[in-house]
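**Student:** Here is a sequence together with a model predicted from it:
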Amino acid sequence: MRIEWMEYDMARAEKFITENQVDEGLLILNNLLFEEPGHGSLHNHLGWAHFYFTGDWTKAELHFQMAIKFDSNFAPAYLHLGNLYNRKELYSMAIEKFNAGLQLQNANKPAFLEGIAQAYEMKRAFGRAIKFYKEAIATSAGFEVDRLRQGIKRCRTKRWVLLLS
């Protein structure tokens, strides 16, 4: 559900945060939380701010989970939560969130598939990782293809090194 005045304030907060005025942006987002505590996109913004800008992964995880709870069709929350789980080395949980988000109508398919590929890569399931990197390339509009190809190359190198050791 889109609430126009909230969208405006969330965009303002996002601008503050990306311009390294994180406290100001968080203040706006937290004030909005008092107005609409069940707004999924707002929780996603709070999770994004804590995950990428404050480093408070506990708060980030909570807000991403709340975003999904309040709006189960909001794909970005699944993507961010999957990325958080990858960074926390919770690869099976990451794959679960990426797969759930991938099923949604507004999913950024290359990003979700890349997240799955990275999780498999870190689990040393290089063949599966390569499969997902290739699938991400097939669904890509182009700008991330070089990065995805590097993922395939990296997995092939790792697989080769693993075989020789």
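**Tutor:** Looks like it came in fine. Numbering: from 1, shown residues only.

**Student:** so what does the top helix by length along the chain touch, helix or strand wise?
**Tutor:** If you go by DSSP state H, the chain has its longest helix at helix 145-164. Judged by 3 or more CB pairs under 8 Å, 6 or more residues apart in numbering; DSSP states H and E, the packing partners of helix 145-164 are helix 109-122, helix 126-138. Yep, even glycine has a C-beta here, placed from its N, CA and C like the rest.

**Student:** The shortest one packs against which elements?
**Tutor:** Just to be clear, that refers to helix 126-138. Other elements packing on helix 126-138 under the criterion 3+ CB pairs under 8 Å, 6+ apart are helix 109-122, helix 145-164.

**Student:** now, of these, which is deepest in the fold?
**Tutor:** For the helices and strands packed on helix 126-138, average neighbour numbers computed from mean count of other CB atoms under 10 Å are highest in helix 109-122, which has a mean of 23.

**Student:** What helices and strands are in contact with that helix?
**Tutor:** Contact analysis of helix 109-122 by 3+ CB pairs under 8 Å, 6+ apart lists helix 75-87, helix 91-102, helix 126-138, helix 145-164 as its packing neighbours.

**Student:** quick one: average confidence on that helix?
**Tutor:** When pLDDT is averaged over helix 109-122, the result is 98.

**Student:** now do stretch 52-67
**Tutor:** When pLDDT is averaged over stretch 52-67, the result is 98.

**Student:** Quick check: buried residues in that stretch?
**Tutor:** Of all the residues in stretch 52-67, those buried under the rule 16 or more other CB atoms under 10 Å are 59, 60, 61, 63, 64, 66, 67.

**Student:** Please tell me how far residue 98 sits from residue 54.
**Tutor:** Here residue 98 is placed at a distance of 23 Å from residue 54 (CB to CB, to the nearest Å).

**Student:** hmm, I was thinking of residue 24
**Tutor:** 13 Å.

**Student:** repeat for residue 20
**Tutor:** 12 Å.

**Student:** can you count the residues close to the closest residue to residue 63 other than its chain neighbours?
**Tutor:** Taking CB to CB, 6 or more residues apart in numbering, and ignoring the residues beside it in sequence, residue 63 has residue 47 as its nearest neighbour in space, at 3.4 Å. Neighbour count for residue 47, taken as other CB atoms under 10 Å: 27.
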